Each structure stands twice: as C-alpha cells, then as structure tokens.
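Q: Fold the stuff below for me.
(one chain, ligands or ions: 3)
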Amino acid sequence: MEGLLDHINSTKDLREIPRIQLPKLANELRDFILDTLAVKPGHLGASLGVIELTIALHYFYNTPVDQLIWDVGHQCYPHKILTGRKNQFDSLRQKGGISGFPSIIESEFDAFGTGHSSTSISAITGMAIADRLQGKTNQHIAVIGDASIASGMAFEGLNHLGSTDLDVLIILNDNSIGIDPSVGALKEHFFELETGLNHSFFEDLGFHYKGVVDGHDFDSLFQSLEELKSYPKPKILHIKTVKGKGYANAEADQVKWHAPGLFNKETGEISSSKGTKISYQTVFGETISQLMRNNPKMVAITPAMLTGSNLIQTQKEFPERVLDIGIAEQHAVTLAAGMAKQGVIPYLAIYSTFLQRAYDQVIHDVALQNLPVVFCIDRAGFVGSDGATHHGILDIAFLRSIPNMVVAAPMNEQDFQNLLYSAQFATSPISIRFPKGNTEVEALNLNFQSIEIGKAEELNSGTEVAILTFGTIGTRIQKILNELYSAKFGHYKFLFAKPLDTEMLRQIFTQYQTIITLEDGVLKGGFGDAVLEFANDANFKGNIIRKGYPDEFLEHATVEELEEMVGLDEESIYSLLNSL
Ligand SMILES: Cc1ncc(C[n+]2csc(CCOP(=O)(O)OP(=O)(O)O)c2C)c(N)n1
Ligand SMILES: CC(=O)[C@@H](O)[C@H](O)COP(=O)(O)O
Ligand SMILES: [Mg+2]
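A: Ligands and ions are numbered 1, 2, ... in the order given. This is a model prediction of the structure:
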C-alpha cells in the first residue's frame with residue numbers, strides 16, 4: 001500500500017500534506033530509515049531522534065532559501081530523505097553514493113557541510129551576517145545537540161551571536177547523551193531547565209530562550225517555531241528528544257545503536273563484523289589497562305570517544321584515571337599538557353581527524369614546552385564510510401613539522417604494545433598513530449619490549465629496491481615479499497617518521513639505487529617526504545618512489561576501495577614491484 005512518503009520528492013510535496021497527517025509521515029520515515037540502515041549501516045539513533053523536528057522545520061521554513069544547518073550532521077538522514085534524496089538513500093555512505101553527512105556539493109538543502117561537531121553556530125552566524133549584508137531576508141536556523149553545544153567552538157559562537165541583533169534560531173536538541181553518556185556541568189544545567197529549577201544561562205548571553213519543549217510533538221514544535229519567528233533576534237529553542245526514538249532497541253541501548261552496523265530490524269540483533277582477528281582498538285584498550293596497573297602515574301583522556309577508543313573497561317577499572325571530558329579536543333590537549341607539567345603521564349586517546357581541531361594546543365601548550373604527552377592517534381588513515389570529514393590522513397604531515405614531536409606508527413600489534421609501553425618513558429611529546437581495524441592476530445599476548453626512539457629495522461635485505469614502510473602497510477609488504485620470493489627487494493620498517501633513523505637511511509642509500517616509501521597518509525609532508533628531504537641532504541642520486549594518499553579529499557567508500565583508488569592495495573603494489 002502506498003504511503004505518504006511515496007509522494008514526497010521535495011519539500012514542496014511535504015508542505016502539501018495536511019498537518020494532521022504528519023505523525024503518520026513520521027512513522028513512515030522511521031520505518032524507511034530502519035529498513036535501509038539494517039542493510040546499509042550508518043548513524044541510526046540520532047536520525048531517529050530528530051524525525052519530527054526535521055519534518056516540522058522543512059514544513060515551517062522555506063528551505064532551501066531559508067538556511068538550515070545540522071551540527072555534526074550524523075542526524076541528517078530524515079533531512080536527506082525529505083529533500084530529494086529518498087531514491088538514493090540506499091547508496092548512503094557507499095562509494096559513489098550519498099554522504100552520511102550534509103554536503104554543499106550534494107544538495108542545495110545542505111546549507112553547510114558538517115561532520116566535526118560544534119561548528120553550526122559560527123557558520124549560521126556568518127551566513128546570517130553575509131545574507132543581511134546582501135539585502136536578503138531569509139531565515140537562519142542551526143540544530144545542535146546537547147553534547148556538541150558543550151564544546152569550545154559552540155561557546156565561541158554563542159558568545160558572538162548573543163551580542164548581535166541577528167535573527168538566528170539555534171535549536172538545542174537535548175537528548176541527554178552524546179555517543180556515550182553526556183559529561184560535564186552543562187548537562188546538569190539542562191536538567192535544571194527541564195525541571196524548571198533554574199533560568200537559562202542562554203538568556204544571560206543575550207538570547208531569547210524557549211524551552212523545554214517536547215521535540216516529538218508536532219503541535220508543540222509548530223507553536224514554538226511560530227512564537228519564535230515573531231522575535232527577530234538571536235533565540236534558542238530547547239527541545240527534549242529521545243535518541244533512537246520509536247525503535248525500542250535503540251531507545252534501550254543508545255550507545256550501541258548510535259551507529260550499530262548491520263542489524264535485523266525485527267529481532268534487534270546486531271551482526272558482528274569483528275571476524276576472528278583482534279582489532280587495534282582491542283590492543284589499545286587492553287594495553288592501556290595493563291600499563292596503568294603497573295604505573296600509577298598514567299592517566300588516559302578521551303574527548304567524548306570513550307566507546308570508540310575502547311576505554312570503557314579501563315575506565316571501569318580506573319574510574320579516577322580515565323577521563324571522558326566531552327567534545328573538547330582543544331581542552332583535552334592542554335589538559336594533558338597541564339598534567340604532564342606536574343609529573344603525571346597523560347595518554348590522550350584521540351581520533352586523527354579530531355586532533356586537527358587542537359593543532360595550536362599541540363604546538364603551543366605541548367611541543368613548545370617539550371611536555372611528554374602521549375598522543376594515541378586512533379582512526380589514522382582511511383576510515384571508510386564516514387568519508388572525507390573523518391579520514392585520518394593529515395596527522396603525519398602536520399605533526400612532523402612540529403619541533404620536539406616524535407611521530408611513530410606500529411607495523412603490527414606487537415610494535416603497538418611496545419610503542420605504548422615505551423612512551424611512558426618519553427622525555428618529549430610522542431604521537432603513536434594506528435588504524436581503525438584488525439590486526440593479523442587472533443589473540444593478544446600482552447608483553448612489552450622497550451623501543452629505542454628513532455630506530456628503524458631491516459626486515460629483509462635485498463639487492464636493488466629498498467621498500468621503506470611507515471605503519472601497518474608494512475604487514476602487507478611482508479606478505480607480498482613472502483609470496484614474491486625475490487632477492488631484489490629489501491624491506492625496512494620505520495616505526496618513526498620523526499626522528500628518522502638517518503644511520504639506517506645512509507646504509508640504504510649506499511646499498512640500493514631505487515627506494516619506495518609507503519604510508520597511509522597524505523604524501524605532501526609525510527614520511528616519504530621526510531626520506532626525500534634527507535636523501536637530498538645526503539646527495540642520494542638514485543630514484544625515490546613515494547606511495548601514499550594524493551593531495552585531495554577522498555569521499556566515502558570502503559577502506560579497501562579507497563586503498564585501491566590510491567594504489568595501496570595488494571594488487572597495485574604487486575604491479576608496482578613487478579614493473580621495477
Ligand atoms: C569535533 C568532534 N569531536 C568528536 C566527534 C564525534 N562525535 C560525533 S557525534 C558525537 C556526539 C554528539 O552528541 P550530541 O551533540 O548530543 O548529538 P546526538 O548524537 O545526541 O544527537 C561525537 C562525540 C565529532 N563528530 N566531532
Ligand atoms: C558522527 C561521528 O563523528 C562519529 O559517530 C563517528 O562516525 C565515529 O566513528 P567510529 O565509528 O569510527 O567510532
Ligand atoms: Mg545528544
């Protein structure tokens with residue numbers, strides 16, 4: 001039987017539906033998202049939670065003329081479906097398909113690209129100023145979650161916007177959770193607002209505040225939007241929603257259903273995609289726990305990625321030494337610097353892509369003072385379906401240029417343990433980058449050997465071509481060389497892109513005429529460039545071939561597809577070696 005959603009291909013179609021039928025549309029939209037995500041995985045809970053809000057906003061406002069920004073953007077699925085992308089929705093987050101985040105290239109309804117949190121208030125303020133300067137009278141709305149509004153960047157935006165007379169509406173979508181349970185003082189304030197115990201801090205910042213409104217009730221939403229429209233100044237609509245709304249499994253375990261992977265909609269069973277091999281994240285969590293048992297000075301910090309960084313068990317064991325400080329990457333880095341200054345050993349677990357936000361803190365607060373903070377850089381390299389906003393492609397390049405910084409990457413799980421172990425004795429900042437995904441082993445054997453900082457290792461000696469690897473790509477090379485069985489190729493494992501093992505490099509320069517470098521990061525400024533710089537200084541006359549990521553933002557696809565696209569998959573490397 002045909003439903004309302006079948007007839008909606010644009011917001012114009014949506015606005016023709018009588019208001020009374022919108023709850024029915026919401027149910028259809030929920031089913032549509034659940035049916036699709038069960039087989040095409042993505043961010044489920046956040047999208048289910050904003051279905052009524054999304055319908056109400058597109059129904060009430062004249063999008064895309066009116067500008068609507070979704071902070072983080074992981075909740076944008078109902079928005080995409082209602083704004084002309086229903087028929088492409090089953091291509092979500094796949095190669096060539098639609099993105100999991102708003103993208104200005106993908107649709108005029110996606111007013112601003114997001115993926116990293118807490119940018120929406122600044123962006124919508126900028127857009128409102130620009131539109132006013134150009135004589136436009138369109139509306140400006142940003143939707144931001146309770147965890148995202150607690151981040152520094154959101155506060156900067158509020159501080160500015162609240163001092164203006166811009167007609168901008170900020171909708172605080174408060175579901176009392178981020179990916180993991182919310183942390184910090186602001187959540188208590190939101191709770192007090194909900195229970196009527198306090199007046200809002202937003203009013204003190206210059207906003208007209210309306211709340212707390214039931215974000216699943218159309219009448220309340222429309223009444224609130226109507227009322228706020230007549231107030232042409234900065235304003236906040238504080239709504240309360242339930243993450244995972246309408247799907248009992250997702251409501252019951254909101255952390256698990258934030259992005260559950262493949263699942264059976266009827267039974268709620270989530271498919272295990274783990275396989276038999278252990279992941280780098282497992283190695284990380286278990287190693288950190290073990291190291292903390294032996295070293296009371298160690299502390300672990302995560303900016304809002306407790307589950308993703310696999311620190312849940314460690315936190316259970318050491319509740320006072322594992323800190324989830326919310327979406328606050330800049331604070332996390334300087335917090336770690338403060339701890340290191342006072343003699344504690346901070347291990348900061350941070351995704352490569354999110355570390356980008358704290359670049360100045362890494363330079364000014366950590367490296368400049370040569371403080372031994374351990375940066376455990378997760379999701380380094382391609383991350384797959386999250387796409388361009390989330391790939392961890394730049395960290396080698398942006399860290400290598402910072403004085404005092406050690407830049408390390410393991411080739412396998414044993415190197416990883418050893419690096420994490422050795423980092424507690426570091427006398428300068430050290431970064432250890434590792435990918436999302438599996439190691440080559442099925443069980444973890446926790447044992448640690450000390451690693452000398454800056455030391456490379458010859459794994460195979462060859463006659464003509466030296467292959468220099470930085471990171472887990474080295475494991476692929478080992479496999480290929482074992483199969484090729486050619487004396488031509490030597491393989492050198494560089495655990496450090498900085499400091500470089502210059503002694504080993506000199507030896508390589510005398511022994512080989514051709515050098516190949518491989519890394520899972522952008523080539524510009526990366527490990528290969530480091531080798532190239534040194535080769536130039538050492539007057540090496542041979543040939544250097546660098547393999548890594550190109551100078552562009554690559555979109556969503558599986559990691560395997562992306563590696564194939566950049567020529568780092570097994571077959572491409574075989575072809576390269578065979579051509580030499
Ligand atoms: C700068 C940055 N840090 C971390 C993340 C990872 N992240 C994505 S969603 C999310 C939680 C967002 O919570 P909230 O804003 O409350 O939205 P909800 O998921 O509850 O709708 C986090 C930490 C991110 N996208 N950007
Ligand atoms: C929206 C967002 O930024 C996170 O949910 C991110 O997708 C998490 O990535 P992992 O699934 O790799 O932890
Ligand atoms: Mg939330």
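Q: Show the pLDDT at whichever residue of the stretch 151-300 of the chain sits closest to ligand 3.
A: The nearest approach of the stretch 151-300 of the chain to ligand 3 comes at Asn175, 4.3 Å away (C-beta to the ion). Placement of C-beta: from N, CA and C, glycine included. Among the per-residue scores, Asn175 shows a pLDDT of 97.
Q: same check, this time on the one 3 residues further on
A: Predicted confidence (pLDDT) for Gly178: 97.
Q: For the longest helix anywhere in the chain, which outside residues touch it?
A: With residue count as the measure and DSSP state H as the assignment, the chain has helix 22-39 as its longest helix. Residues from elsewhere that reach helix 22-39 (C-beta atoms under 8 Å, 6 or more residues apart in numbering): 3-5, 8, 14, 17, 44, 47-48, 51-52, 55-56, 59, 77-78, 81-82, 86, 89-90, 92, 218, 245-247, 260, 262-265.
Q: Return a selection command, for use in ChimeraX, containing the buried ones of the residues you listed.
A: Buried residues within those, as defined by 16 or more other C-beta atoms under 10 Å, are selected in ChimeraX through the command that follows:
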select :4,5,8,14,17,44,47,48,51,52,55,56,59,77,78,81,82,86,89,92,218,245,246,247,260,263
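Q: Flag the shaky bits of the stretch 201-350 of the chain, pLDDT-wise.
A: The stretch 201-350 of the chain contains residues with pLDDT under 70 at 273-274.
Q: ok, now with 90
A: For the stretch 201-350 of the chain, the stretches with pLDDT under 90 are 272-275.
Q: Spell out which residues belonging to it are near ligand 1, please.
A: With C-beta under 6 Å from any ligand atom as the criterion, the stretch 201-350 of the chain comes near ligand 1 at residues 243, 304, 327, 329.
Q: you'd agree the first one is up against Leu44?
A: It refers to Lys243. No. Between Lys243 and Leu44 no contact is recorded; they are 9.4 Å apart, counting by C-beta atoms under 8 Å.
Q: any shared contact partners between those two?
A: Shared contacts of Lys243 and Leu44 (C-beta under 8 Å, 6+ apart): 250, 257-258.
Q: thinking again about what came up before, among the contacts of helix 22-39, which are in helices?
A: The helices in this structure, assigned by DSSP H, contain 14, 47-48, 51-52, 55-56, 59, 77-78, 218 from the contacts of helix 22-39.
Q: before we move on, the earlier item: quick one: the longest helix of the chain near ligand 2?
A: No. Remark: helix 22-39 sits outside contact range of ligand 2, by C-beta under 6 Å from any ligand atom, the gap being at least 13.5 Å.
Q: How about the stretch 51-200 of the chain: which residue is closest to ligand 1?
A: For the stretch 51-200 of the chain, the residue closest to ligand 1 is Gly145, as judged by C-beta to the nearest ligand atom, at 2.2 Å.
Q: Give the closest residue to that residue in space, chain neighbours not counted.
A: With C-beta to C-beta, 6 or more residues apart in numbering as the measure, Asn173 is the residue that lies nearest to Gly145, at 5.2 Å, once sequence neighbours are left out.
Q: Is that neighbour in a helix, a strand, or coil?
A: Three-state call for Asn173 (DSSP: H, G, I helix; E, B strand; the rest coil): strand.
Q: What distance do you get for it to Met153?
A: Relative to Met153, Asn173 is positioned 17 Å away (C-beta to C-beta, to the nearest Å).
Q: And the two? Which one has more around it.
A: The residue with more neighbours, out of Asn173 and Met153 and counting by other C-beta atoms under 10 Å, is Asn173; that gives 24 against 21.
Q: could you measure the residue nearest the centre of the chain against Phe382, distance?
A: Note on the chain: the residue nearest the mean C-alpha position is His390, at 4.5 Å, using C-alpha atoms, centre = their mean. Taken as C-beta to C-beta, the spacing of His390 relative to Phe382 amounts to 9 Å.
Q: List, one by one, the residues from the protein near ligand 1.
A: 46, 49, 72, 74-75, 116-117, 145-148, 173, 175, 177-179, 243, 304, 327, 329, 354, 357.
Q: Format the shared contacts of Lys243 and Leu44 as TSV; extra columns: neighbour count and secondary structure.
A: Conversion of the shared contacts of Lys243 and Leu44 to TSV gives the following (neighbours: other C-beta atoms under 10 Å; DSSP: H, G, I helix; E, B strand; the rest coil):
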residue	neighbour count	secondary structure
Ala250	24	helix
Trp257	23	coil
His258	21	coil
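Q: Quick one: these as JSON lines, columns for distance to Phe202 too.
A: What follows is the shared contacts of Lys243 and Leu44, written out as JSON lines (distance: C-beta to C-beta, whole Å):
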{"residue": "Ala250", "distance to Phe202": "29"}
{"residue": "Trp257", "distance to Phe202": "30"}
{"residue": "His258", "distance to Phe202": "26"}
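Q: and this structure, what are its domains?
A: Listed domain ranges for the chain are 5-252, 284-433, 456-578 (source: automatic domain parsing).
Q: near ligand 2 at all, the second one?
A: Yes. Contact of domain 284-433 with ligand 2 is found when judged by C-beta under 6 Å from any ligand atom, involving 308, 379, 383, 386.
Q: Show me the one in those that has more neighbours than the rest.
A: Taking other C-beta under 10 Å as the neighbour criterion, Arg379 ranks highest of the residues of domain 284-433 next to ligand 2 with 28 neighbours.
Q: OK, contacts around Asn87?
A: For Asn87, the contacting residues are Asn9, by C-beta under 8 Å, 6+ apart.
Q: For Ile396, report the pLDDT, please.
A: Reading off the confidence values, Ile396 has pLDDT 98.
Q: now that we're looking at the residue nearest to it when sequence neighbours are not counted, how far away is ligand 3 from it?
A: Nearest-residue entry for Ile396: Gly521, 4.1 Å, with adjacent residues in sequence omitted and distances by C-beta to C-beta, 6+ apart. Distance of Gly521 to ligand 3, computed by C-beta to the ion, to the nearest Å: 32 Å.
Q: Which strands and helices lie in contact with the helix or strand harbouring Gly521?
A: In this structure, Gly521 sits in strand 514-522 according to DSSP states H and E. Packing partners of strand 514-522 (3 or more C-beta pairs under 8 Å, 6 or more residues apart in numbering; DSSP states H and E): helix 395-400, strand 465-470, helix 473-484, helix 527-537, strand 543-549.
Q: and among those, the most buried is which?
A: Looking across the helices and strands packed on strand 514-522 with neighbours counted as mean count of other C-beta atoms under 10 Å, the highest average goes to strand 465-470: a mean of 27.
Q: got a list of contacts for it?
A: With C-beta under 8 Å, 6+ apart as the contact definition, strand 465-470 has outside contacts at 396, 409, 411, 456, 477, 481, 488-495, 497, 508, 511-512, 514-519, 526-527, 531, 577, 580.
Q: So Lys95 lies in a strand, does it not?
A: No. Remark: Lys95 does not belong to a strand; assigned using three-state DSSP, it is coil.
Q: you'd agree it is up against Glu560?
A: No. Look at Lys95 against Glu560 with C-beta under 8 Å: they stay out of range, at 10.1 Å.
Q: who has more neighbours, the two?
A: Comparing Lys95 with Glu560 by other C-beta under 10 Å, the one with more neighbours is Lys95, at 15 against 12.
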